[in-house]
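Chemist: My questions concern the predicted model and sequence given below.
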Amino acid sequence: MANDIVLHTLVTGIGATLLMDGWSACQKKLLRVPPLNYGLVGRWLWWLARGKVRHHTILSTPRVRGENLTGQAFHYLTGILFAGIPLLLQGPAWLHEPLLLTGLLTGLLTLPAPWLVMQPALGFGIAASRTPNPWRARGVSLLTHLAYGLGLYGAALLYTC
């Protein structure tokens, strides 16, 4: 049973993160919003290892070799870890009868990660408050995390087939 849970979480986390990335690419054309740059997260992680937690803005922080790969790996690891949330919400039934509501609720529950952790750490303020258009950034985050939740549901459905 434990192996089933781990494999299910791994597969659904990767699947949901892939859909999230696909949605991010679509946002560029549909909403004229540039896709998410996880290299900036990688840069933050490399500087975090050097003791720097917050940045005036990560855009003005010097680049670090390997930041893109590091950021992408962290993004997928986070997606896999967050894929355990539906088990907490729906219990073991998520493994056999996933609900769309559970997936979408998970997407909503993951919003504090960018709003309260990543955006402030990167120098963009709480919930992107220091960006030129905070409400647009918040809306994009919301849509992106709902896409992740939809991806969780879709991946869980495919996994149960």
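Modeler: That came through fine. Nothing here was measured: the structure is a model prediction, and the numbers come from that model. Numbering: from 1, shown residues only.
Chemist: thought residue 138 was touching residue 131?
Modeler: No - if you go by Cβ atoms under 8 Å, residue 138 and residue 131 don't touch, sitting 9.3 Å apart. Using the backbone N, CA and C atoms, a C-beta is placed for each residue, glycine as well.
Chemist: so where do the helices sit in this protein?
Modeler: Ranges of helices in the chain, per DSSP state H, are 2-30, 38-49, 67-82, 85-90, 93-96, 100-109, 112, 119-121, 134-160.
Chemist: Any idea which of those helices gets closest to residue 58?
Modeler: helix 38-49 (4.9 Å; Cβ to Cβ).
Chemist: and that closest one, which residues are buried?
Modeler: Using 16 or more other Cβ atoms under 10 Å as the test for burial, helix 38-49 gives 38-47.
Chemist: Just name the closest of these to residue 126, please.
Modeler: Taking Cβ to Cβ as the measure, residue 126 sits nearest to residue 44 out of the buried residues of helix 38-49, at 15.9 Å.
Chemist: Could you report the separation of that closest one from residue 112?
Modeler: 17 Å (Cβ to Cβ, to the nearest Å).
Chemist: which stretches of this protein aren't confidently modelled?
Modeler: Filtered on pLDDT under 70, the chain yields the residue ranges 1.
Chemist: Now tabulate the helices of the chain in TSV and tack on distance to residue 127.
Modeler: Listed next are the helices of the chain as TSV, based on distance: least, Cβ to Cβ, whole Å:
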stretch	distance to residue 127
helix 2-30	18
helix 38-49	17
helix 67-82	18
helix 85-90	20
helix 93-96	29
helix 100-109	14
helix 112	9
helix 119-121	7
helix 134-160	6
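Chemist: what's the closest residue to residue 96 other than its chain neighbours in contact with, if anything?
Modeler: The shortest distance from residue 96 to any non-neighbouring residue, by Cβ to Cβ, 6 or more residues apart in numbering, is to residue 160 (6.0 Å). Residues counted as contacts of residue 160 (Cβ atoms under 8 Å, 6 or more residues apart in numbering) are 95-98.
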